[in-house]
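**Student:** Pasted the sequence and its predicted model underneath.
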Amino acid sequence: MIKPPVAVTIRSFNQNGPAMGLLRNEFEIVYINSTGSRLSEDALISAIHQAEYVIAGTERFTKNVIESSPRLKVLSRVGVGIDNIDLKAAENRSLCILNTPQAPALSVAEHTLALILTILKHIPDYNSQIRRRDFSIQPGTLLMGKTIGIVGMGRIGSTVASMLQALGCKITYFDPYLPEPSSSTWTAFTSLKDLAAGADIITIHAVPQQNGSALFDEHIFKHCKRGCIIINTSRGSLIDEIALEHALNEGIVYAAGLDVFSNEPYSGTLLIYPQVIVTPHVASNTIESRQDMEMEAVEHIIEIKKGLVK
């Protein structure tokens with residue numbers, strides 16, 4: 001029996017894990033990304049030229065990539081977001097696009113909490129100072145009692161809300177796609193600026209805007225509570241990074257925790273701010289979540305291959 005060809009273009013797929021074993025049983029693997037880097041457009045075109053199925057990461061499936069891949073039928077994304085895929089081009093080719101929304105929620109929520117506590121407790125400063133034999137101290141800040149503004153109350157946002165409520169925080173949120181309140185103890189706002197005005201900590205868990213514009217721009221930052229903290233583990237496009245710099249300089253934003261950026265890997269001027277804590281788009285990258293996402297992505301294409309899902 002001839003196995004259909006699959007390409008694994010994601011840079012971090014576990015080649016010794018159970019998902020890879022299942023993939024080898026069901027498909028002919030024509031390419032595995034072993035570079036450790038996100039593939040460029042030309043490299044991606046070459047990698048998937050013979051593939052009918054692709055296990056994808058955050059590499060960009062542009063119109064050119066899709067149109068240059070005549071055999072491609074299914075893109076199965078390891079992760080939630082599909083904004084790295086030209087959906088119009090995919091629709092024109094009748095490509096099946098799949099993602100793994102269930103697995104990463106807890107991992108991203110924990111990473112969000114970690115960024116918040118890292119900022120409030122000055123952990124990076126102390127870690128650096130002690131290594132320099134500098135034992136000076138500065139007061140930390142309690143998380144308990146803070147008002148949290150959650151932008152996007154989906155799987156991840158609601159998980160963050162439950163965690164922070166358990167730690168004594170007041171939960172507010174803005175989500176125009178949510179018809180009913182998530183909890184009787186959480187306060188919903190109908191505008192982003194109203195949420196921003198009262199939140200000590202704002203954490204973003206929204207989908208990208210269709211036009212790629214920022215949710216947090218100069219206008220919204222002007223409405224933020226002075227001295228607030230902003231966290232983004234969602235998509236870099238949701239924050240105007242120049243506007244964030246201005247807000248930091250003006251003291252509107254006290255600190256930021258960022259796992260995502262408009263361009264990655266990030267090398268911009270936000271890195272000069274010691275109160276901006278950064279991680280390299282790894283919020284979902286725990287051993288447990290990665291294994292679950294990889295398995296879910298592979299199971300998706302097996303179901304398609306066997307005709308269980310159309």
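**Tutor:** That came through fine.

**Student:** only C-alpha atoms for contact and neighbour calcs from this point on.
**Tutor:** Noted.

**Student:** what ranges do the helices span in the protein?
**Tutor:** 18-26, 41-48, 63-67, 87-92, 105-120, 123-131, 155-166, 192-198, 218-223, 241-249, 287-305 (DSSP state H).

**Student:** list the helices and strands the fifth one packs on?
**Tutor:** Under the contact criterion of 3 or more Cα pairs under 8 Å, 6 or more residues apart in numbering; DSSP states H and E, the helices and strands touching helix 105-120 comprise helix 155-166, strand 228-232, strand 253-258.

**Student:** The longest one too?
**Tutor:** Here helix 287-305 touches helix 18-26, strand 53-56, strand 74-77, going by 3+ Cα pairs under 8 Å, 6+ apart.

**Student:** okay if I get those as CSV plus distance to residue 212 and mean pLDDT?
**Tutor:** Output for the helices and strands packed on helix 287-305, formatted as CSV (distance: least, Cα to Cα, whole Å; pLDDT from 0 to 100):
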stretch, distance to residue 212, mean pLDDT
helix 18-26, 33, 95
strand 53-56, 21, 97
strand 74-77, 20, 96
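
**Student:** Let me know which of these is the nearest to residue 11.
**Tutor:** Nearest of the helices and strands packed on helix 287-305 to residue 11, taken as Cα to Cα: strand 53-56 at 8.7 Å.

**Student:** And the helices and strands packed on helix 105-120: which comes nearest residue 214?
**Tutor:** Of all those, strand 228-232 comes closest under Cα to Cα, at 12.1 Å.

**Student:** Let me see the mean pLDDT of the closest one.
**Tutor:** If you average the pLDDT over strand 228-232, you get 98.

**Student:** again, but for stretch 253-267
**Tutor:** 95.

**Student:** Distance check, residue 266 against residue 26.
**Tutor:** Look at residue 266 and residue 26: by Cα to Cα, to the nearest Å, they are 37 Å apart.

**Student:** Next, count neighbours for residue 246.
**Tutor:** The number of residues packed near residue 246 is 14, by other Cα atoms under 10 Å.

**Student:** Under the pLDDT cut-off, which ranges of the stretch 101-250 of the chain? List them.
**Tutor:** 179, 181-182 (pLDDT under 70).

**Student:** Tabulate the helices and strands packed on helix 105-120 in CSV, adding columns for distance to residue 176 and mean neighbour count.
**Tutor:** Compiled in CSV, these are given as follows (distance: least, Cα to Cα, whole Å; neighbours: other Cα atoms under 10 Å):
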stretch, distance to residue 176, mean neighbour count
helix 155-166, 13, 20
strand 228-232, 18, 24
strand 253-258, 23, 24
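
**Student:** Report the separation between residue 75 and residue 296.
**Tutor:** Applying Cα to Cα to residue 75 and residue 296 gives a distance of 13 Å.

**Student:** the more surrounded of these two?
**Tutor:** Between residue 75 and residue 296, residue 75 has the larger neighbour count (other Cα under 10 Å), namely 26 against 23.

**Student:** Wait, that one touches residue 93, no?
**Tutor:** No. Taking contacts as Cα atoms under 8 Å, residue 75 lies outside contact range of residue 93: 11.9 Å.

**Student:** so who does the residue positioned nearest the centre of the chain touch?
**Tutor:** In the chain, the C-alpha nearest the mean C-alpha coordinate belongs to residue 234, at 3.8 Å (Cα atoms, centre = their mean). Counting by Cα atoms under 8 Å, 6 or more residues apart in numbering, residue 234 makes contact with 204-207, 259-260.
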